[in-house]
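Novice: Turn this into a model:
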Amino acid sequence: MWSFAAAALHSALRHFETAWLFTRSDFKTIILPVMTFATVVSPRHNPLALSCSLCWLWLHLFQANVSNQACSIHEDKVNKPWRPVPSGRISVEESRALRWGLMVFCSGLSSLFSLNVLITSAMSTVVMMVYDDFRLSHHPCFKNLCNAGYYVTFELGPSLILSGESSLDRTSIQALSCSTLVILLTIHAQDFADVNGDRRSGRRTLPIVAPEGSRIYMLCVLPLLSFALASFWSLGPLCSAFFISVGSGVGLRYFLFRDEIRDQANYRLYNIWLMGVHFLPVHVRCRALTW
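Specialist: Sure thing, here's the model as predicted:
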């Protein structure tokens, strides 16, 4: 009996570890920025609602990653060989079956909150299908568009759950629109460090299609977006100068430092800047960035 319990515990822990490995690389790029966004834009902060929104987000991210990684094994063998599929912890066929099970589970979970949360979950599944099954992830512009779609659903679901309302208020809608625009225009920042794996899998990302132009673009667009957001949210002079400086610095690094190791560091710094983008709406809620 003890041996059976030990074996069951070992199996459960292995499954939990596999689930964590599917989402490991997205805690800094999805979980933290999105939960920062949802917490900032929500007019209330109930601990139970916060836990539910985090659970909803992780499960939908898990669903999206299982689907994506089942279709990107050749890329992951080069860029992220520790992921469950290339490392052999789970097969491609098992991953594809798991994603449909997660789709049903996520839909059922979303239905417990509101109709709009359920619709958001369905939208996330549609984006997942066109991104992976219709291979829009292999097109440089459509890839950015799908990533923006993912971010919209990932931010909308937790925001609705945390607010406890059937719809968002004006500040939340403005923040969601700004976030979507930023992701649409800049999310290919993640592709610079993955050029070798993307090229091997047949993807045509912006750094592959336009290696020089994409870096000049980052050099220009990050400072411009930083200035536009600082103006839109009416930040104080010091906060504006600091935020614009961070965006300009990250853009300059993408232009100057071009090897894989430094591109990984550039992407980490980009995510710090993106966290700032998601934090800016706090100025409307509590006038915290007036200086």
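Novice: quick one: contacts of stretch 154-162?
Specialist: For stretch 154-162, contacts defined as Cβ atoms under 8 Å, 6 or more residues apart in numbering pick out 30, 34-35, 37-39, 41-42, 44-46, 49-50, 52-54, 56-57, 60-61, 110, 113-114, 116-117, 120-121, 124, 166-168, 172, 176, 179. Glycine gets a C-beta too; all of them are placed from N, C-alpha and C.
Novice: let me fix that: stretch 92-102
Specialist: Where contact means Cβ under 8 Å, 6+ apart, the residues beyond stretch 92-102 that reach it are L59, F62, Q63, V66, S67, Q69, A70, I73, P84, V85, I90, M128.
Novice: Extract the C-alpha trace of it and format it as CSV.
Specialist: Only the C-alpha atoms of stretch 92-102 are listed here, as CSV (Å, rounded to 0.1, in the frame of the first residue of the first chain):
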residue,chain,number,x,y,z
VAL,A,92,3.6,15.3,-29.6
GLU,A,93,0.4,13.1,-29.8
GLU,A,94,-0.1,13.3,-26.1
SER,A,95,0.4,17.1,-26.2
ARG,A,96,-2.2,17.5,-28.9
ALA,A,97,-4.7,15.4,-26.9
LEU,A,98,-3.9,17.3,-23.8
ARG,A,99,-4.7,20.7,-25.4
TRP,A,100,-8.2,19.6,-26.3
GLY,A,101,-8.8,18.4,-22.8
LEU,A,102,-7.5,21.7,-21.5
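Novice: Give the buried residues for that stretch.
Specialist: By neighbour count on 16 or more other Cβ atoms under 10 Å, the buried set for stretch 92-102 is S95, L98, R99, L102.
Novice: before we move on, which element is the last one in?
Specialist: The secondary structure element spanning L102 is helix 92-111 (assigned by DSSP states H and E).
Novice: Show me what secondary structure element comes after that helix.
Specialist: Toward the C-terminus from helix 92-111 - assigned by DSSP H and E - lies helix 115-132.
Novice: coming back round to it: F192: which of the contacts of stretch 92-102 is nearest?
Specialist: F192 lies nearest to Q69 out of the contacts of stretch 92-102, by Cβ to Cβ, at 20.1 Å.
Novice: Now do the closest one against K80, distance only.
Specialist: 9 Å (Cβ to Cβ, to the nearest Å).
Novice: Between these two, tell me which one has more neighbours.
Specialist: Neighbour count, other Cβ atoms under 10 Å: between Q69 and K80, Q69 has more, with 23 against 18.
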